[in-house]
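> structure for the following, please:
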Amino acid sequence: DLIGNLQVTGAPILDFSSLPDFMSGPLTVSVELAREADYDSIVGFYNVVDEIGSVRDSLTGNIILTSDPTYSEFALDESNLITGLQNLEVDDNKTETLARSFEATGLVAPYVRVVDTEETYFAFDDANSDSIKHIKTLGLNTFGLEDINGGGDLDYDDLIFKLDNFVLGAE
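Alright, predicted model coming up:
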């Protein structure tokens with residue numbers, strides 16, 4: 001529950017900063033993916049510095065806001081990506097559960113790359129090319145994607161992904 005503490009506000013992020021110090025180290029998690037959309041989508045996660053989605057430029061240390069036109073470049077910089085929580089995908093009309101291990105600190109947000117349209121959508125409206133919500137919190141550590149620019153049918157079930165069963169130090 002600590003990890004999802006900011007989700008009650010609707011922020012589709014995971015908060016690893018709320019974990020006690022003795023819980024540091026690699027985490028293993030079950031990632032459940034379910035898709036019912038024609039477009040292929042690939043999920044990944046990246047570090048943000050605050051609950052509004054700002055990211056840090058690894059070269060200058062500057063904070064980049066979601067409204068910055070270069071946000072995508074900095075958010076998806078290798079220094080911000082969560083290794084182990086990248087390239088998560090599932091076939092259409094399928095559900096799959098994957099075990100992944102990763103190191104996480106601070107705040108972590110999802111992004112989704114829609115392969116067919118070459119759009120990348122972030123958890124923060126201002127960061128998206130159409131400035132609308134594409135990733136929505138559906139429940140504790142559960143997120144839904146609307147994969148069409150402009151909002152499509154706004155059902156947020158084109159891709160659903162859930163992180164569950166966090167285990168400290170397991171491989």
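
> going forward, measure contacts and count neighbours with C-alpha atoms only.
Noted.

> leaving aside the residues adjacent along the chain, what's closest to Ala75?
Counting by Cα to Cα, 6 or more residues apart in numbering, Ala75 lies nearest to Val55, which is 6.0 Å off, once chain neighbours are set aside.

> same question, Ser17
Nearest-residue entry for Ser17: Gly106, 4.2 Å, with adjacent residues in sequence omitted and distances by Cα to Cα, 6+ apart.

> enumerate every residue touching that neighbour.
Taking Cα atoms under 8 Å, 6 or more residues apart in numbering as the criterion, Gly106 is in contact with Asp15, Phe16, Ser17, Ser18, Asn47, Val48, Val49.

> ditto for Ala11
Counted by Cα under 8 Å, 6+ apart, Ala11 has contacts Glu51, Ile52, Ala123, Lys136, Thr137.

> report how many residues lie close to the third one.
If I follow you right, that is Ala123. By the measure other Cα atoms under 10 Å, the count of residues near Ala123 is 26.

> that one and Gly44: what is the separation?
Relative to Gly44, Ala123 is positioned 11 Å away (Cα to Cα, to the nearest Å).
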